[in-house]
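In: got a sequence here, can you build the structure:
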Amino acid sequence: MSILPNDTPADIPEDDAALERTLDLAARGIELVKLEGRVFLRFSGVVRYEGLHVPYRLVPSRGVLAKPSKWRKLDAAGRRALIEERTGDADLARLHQDAEEFVRDLAGDADDAGYDPMLFLDVLDELQTSEPAEYVFQRISQRLTHAIERDAEERHAARTKESINLAEYPRSFDVASRMGRKFIALLGPTNSGKTHRAMEALAKAPSGVYLAPLRLLALENYERLQAARPHGEAIKVSLITGEERRLVEGATHVASTVEMLDSKTPIDVAVIDEIQMLADRDRGAAWTAAVCGAPAAVVYLVGAPEARRAIEALAERLDVPLEVHVLKRMGPLEMEPMAVRKLSNLRRGDAVIAFSRREVLKWRDMITDKGLSVATVYGNLSPEVRRAQAERFRDGQADIVVGTDALAMGLNMPIARIVMTTTVKYNGVEEEEISAALAKQIAGRAGRYGVHDEGFVVGYDDETHQVMRSLMKEKIPAVATSGFAVAPSLEQLHRISAVTGETSLVKLLKRFVHNIDVPDGFFYPRITEDQNERAEWLDTLPLSVADKFMLSLVPISSRVPALQKAWEHWCLSLAKKIVVKLHGHSNPQQLFYMNLQEVEDQCRVYSAYAWLGYRAPDYFPSIALAQELAREASERVDALLQQQNAAARQRHGGKSGGKGGKHHEGRRR
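Out: Predicted coordinates:
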């Protein structure tokens with residue numbers, strides 16, 4: 001309710017006016033008022049405190065007498081008795097004492113904050129409200145509090161802006177910014193040989209790093225480097241991902257996920273894969289950091305052609321010479337003339353694409369019901385399981401692979417034809433049509449060079465087929481040439497905390513996004529929605545900024561109750577300084593009592609524990625056991641998928657209902 005003088009009291013009826021005169025209320029500083037659907041008393045007085053002269057007109061705690069309708073029903077004697085009861089000397093003295101205490105407290109707080117107290121106290125003589133004095137005092141105190149907070153916010157925002165300037169972001173990578181670097185962009189569609197060329201250059205270099213978007217790709221290229229013999233000898237190579245370290249003494253090369261970039265050790269060659277992910281909403285900041293911070297004499301930027309303008313803008317900003325090579329697909333990719341329409345029209349070498357785990361397993365079951373064997377790939381599977389399933393398809397043990405768009409990145413498989421069951425995907429908020437970029441990336445997996453002469457794309461139903469035809473013709477928008485995402489580092493959050501005194505992770509992240517200096521918007525601060533949501537809960541725990549920041553980044557889904565529960569347990573344990581140790585399965589058959597979803601979740605929990613272990617080994621020491629348990633769970637998942645596939649085929653006689661021969665024969669025109 002307003003505390004400002006907006007309303008004008010209605011005239012007191014003649015009998016009430018007479019009553020006021022009879023009781024001599026005005027002489028005692030008392031008014032009888034009808035306002036806001038109430039009849040009430042208002043007391044006037046003056047507080048004098050350290051040179052302040054503060055007049056007031058306030059409603060005491062017992063000042064509201066009745067609603068007008070009830071007041072009208074009272075006779076003169078009843079009204080007089082009620083007024084006399086509420087206007088005793090004790091009532092006047094109590095209100096005056098409350099006003100004195102309020103003026104004294106507020107004046108002290110205002111002086112401490114550098115404000116003139118009368119800016120807030122003047123209103124006490126201007127109020128036209130039926131609210132009791134305690135509510136008025138509370139509102140005025142809130143005004144002062146908000147003013148103090150607003151001033152503090154402005155000071156903190158200014159200090160934050162002074163402490164971090166994103167225009168200087170590239171210079172935060174000392175080694176890269178001081179060395180003479182060269183960028184070589186290898187851009188082209190899937191199956192254009194761009195990654196192969198970059199990896200050949202990396203293998204020949206005296207030292208280098210491969211930066212992957214996925215653990216699976218890091219693992220694949222780790223093994224690829226191990227197998228390479230460019231100078232007649234094996235390369236010493238380490239694998240470093242968030243959840244795993246395979247460190248080799250004297251290693252000259254590293255295969256790593258992009259977030260694990262070592263920006264301190266100079267090397268000869270770096271390969272940054274899937275460079276178009278600069279535009280990714282949640283992970284783009286890792287690619288910005290890699291381009292700015294890869295400490296290599298030559299940096300290969302490998303990805304889709306639509307990233308060219310963005311790469312050129314970055315190279316110019318970083319003052320790094322750029323050489324661009326645009327590669328073409330090595331074999332043709334064509335839309336088939338009509339939709340598949342029937343399961344019986346699927347054939348060996350097909351990759352059937354759905355966009356959720358549930359749909360993938362549903363299509364797997366429908367296809368195995370036709371007697372075909374199926375390999376299964378979706379995001380919830382660990383890299384080890386995805387690779388084992390891919391190898392089964394690659395070796396011809398599985399006729400068809402059914403997967404999500406996880407197939408679109410990595411997993412080199414001899415796919416002859418991509419079959420889209422839908423073009424609609426859940427984006428975390430709602431179902432929406434996939435982008436042309438994703439459609440083309442998925443479709444590009446068909447027609448593996450050296451295995452098939454050409455690749456084919458088809459929709460399962462007519463509508464999906466027509467949408468895919470349109471998406472394949474659509475031009476993909478270029479990656480933006482500014483607004484490159486920069487994620488907060490712990491160092492930056494500590495810097496903001498030092499100048500503002502703030503320790504809340506939510507507020508520190510908010511200051512990073514809204515208050516740091518972004519001179520021209522070329523680099524732009526970003527945090528993920530998941531991190532912000534986690535920060536709110538983490539702020540309720542007695543944790544350091546460093547621990548809260550680390551826990552906000554644990555790679556585990558908060559949308560799966562079992563995984564969220566594990567994460568919360570780790571957070572609470574760290575807050576209480578309790579060491580969390582893992583133990584082997586008390587029952588060796590424990591995994592065999594779990595269904596597929598439960599074993600998948602177990603695998604993810606163990607991987608996330610290992611991630612934590614590398615960052616807080618004193619409290620999460622069972623890293624090796626976590627990795628062993630994750631491997632056991634992965635093997636169990638793979639076995640379950642095989643069993644389910646074999647059981648379905650056995651029910652239907654194990655006869656292949658598909659067309660075509662072995663995968664390596666392909667389909668030629």
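In: show me where the stretch 1-150 of the chain has helices.
Out: Using DSSP state H, counting those that start in this stretch, the helices of the stretch 1-150 of the chain run over residues 14-23, 68-73, 76-86, 89-113, 118-121, 133-163.
In: could you give the angle of the last one to helix 89-113?
Out: Which is helix 133-163. Here the directions of helix 133-163 and helix 89-113 differ by 10 degrees (axes from the mean of the first three to the mean of the last three C-alpha atoms, to 10 degrees).
In: about what we covered before: same list, the helices of the stretch 1-150 of the chain, but as CSV with mean pLDDT, mean neighbour count and distance to Ala218 please.
Out: All C-beta atoms are positioned from the backbone trio N, CA, C, and that covers glycine. Formatted as CSV, the helices of the stretch 1-150 of the chain follow (pLDDT from 0 to 100; neighbours: other C-beta atoms under 10 Å; distance: least, C-beta to C-beta, whole Å):
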stretch, mean pLDDT, mean neighbour count, distance to Ala218
helix 14-23, 82, 13, 85
helix 68-73, 90, 12, 77
helix 76-86, 91, 14, 79
helix 89-113, 94, 16, 54
helix 118-121, 93, 17, 61
helix 133-163, 89, 15, 34
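In: what sits against the residue nearest to Gly180 when sequence neighbours are not counted?
Out: Leaving aside its chain neighbours, Gly180 sits nearest to Ala297 (7.1 Å; criterion: C-beta to C-beta, 6 or more residues apart in numbering). Ala297 makes contact with Met179, Gly180, Arg181, Lys182, Pro266, Ile267, Asp268, Val269 under the criterion C-beta atoms under 8 Å, 6 or more residues apart in numbering.
In: what's the span of stretch 249-260, first residue to last?
Out: Start-to-end span of stretch 249-260 (C-alpha to C-alpha, to the nearest Å) is 19 Å.
In: who's in contact with it?
Out: 202-203, 205-215, 218-219, 221-222, 225, 235-242, 262, 272-273, 283, 286-287, 290.
In: got a PyMOL select line for the buried ones in the residues you listed?
Out: Buried residues within the contacts of stretch 249-260, by 16 or more other C-beta atoms under 10 Å, are selected in PyMOL with:
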select buried, resi 202+203+205+207+208+209+210+211+212+213+214+215+218+219+221+222+225+235+237+238+239+240+241+242+272+273+283+286+287+290
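In: re the thing from before, what helix or strand is the residue nearest to Gly180 on?
Out: strand 296-303 (DSSP states H and E).
In: report the buried residues of that strand.
Out: Ala296, Ala297, Val298, Val299, Tyr300, Leu301, Val302, Gly303.
In: nearest to Glu432 among these?
Out: Glu432 lies nearest to Gly303 out of those, by C-beta to C-beta, at 23.4 Å.
In: pLDDT weak spots in the stretch 301-450 of the chain?
Out: Counting by pLDDT under 70, the ranges of the stretch 301-450 of the chain that qualify are 410, 449-450.
In: show me where it has helices.
Out: Counting by DSSP H, counting those that start in this stretch, the helices of the stretch 301-450 of the chain are 308-318, 357-368, 383-394, 436-443.
In: if we can go back for a sec, among the contacts of stretch 249-260, which ones are in helices?
Out: Members of the contacts of stretch 249-260 lying in helices (criterion: DSSP state H): Leu202, Ala203, Arg215, Ala218, Leu219, Asn221, Tyr222, Leu225, Ala286, Trp287, Ala290.
In: nearest residue to Ala66 in space, please, no chain neighbours.
Out: Val39 (5.3 Å).
In: could you measure the residue nearest to Asp109 when sequence neighbours are not counted against Ala107, distance?
Out: With C-beta to C-beta, 6+ apart as the criterion, Asp109 has its nearest non-adjacent residue at 6.1 Å, and that residue is Leu144. Distance, Leu144 to Ala107, using C-beta to C-beta, to the nearest Å: 10 Å.
In: and Met335, how far is that from Ala446?
Out: Met335 sits 11 Å away from Ala446, going by C-beta to C-beta.
In: who has more neighbours, these two?
Out: Ala446 (27 against 16; other C-beta atoms under 10 Å).
In: surely that one is in contact with Ala416?
Out: Yes. In this structure, Ala446 is within contact of Ala416 by C-beta atoms under 8 Å, at 6.5 Å.
In: which one is His585 nearest to, not counting chain neighbours?
Out: According to C-beta to C-beta, 6+ apart, the nearest residue to His585 is Leu591 (7.0 Å).
In: and the residue nearest to the spatial centre of the chain, how close does it get to Ala485?
Out: Centroid check for the chain by C-alpha atoms, centre = their mean gives Thr528 as the closest residue, at 2.7 Å. Using C-beta to C-beta, we find Thr528 at a distance of 10 Å from Ala485.
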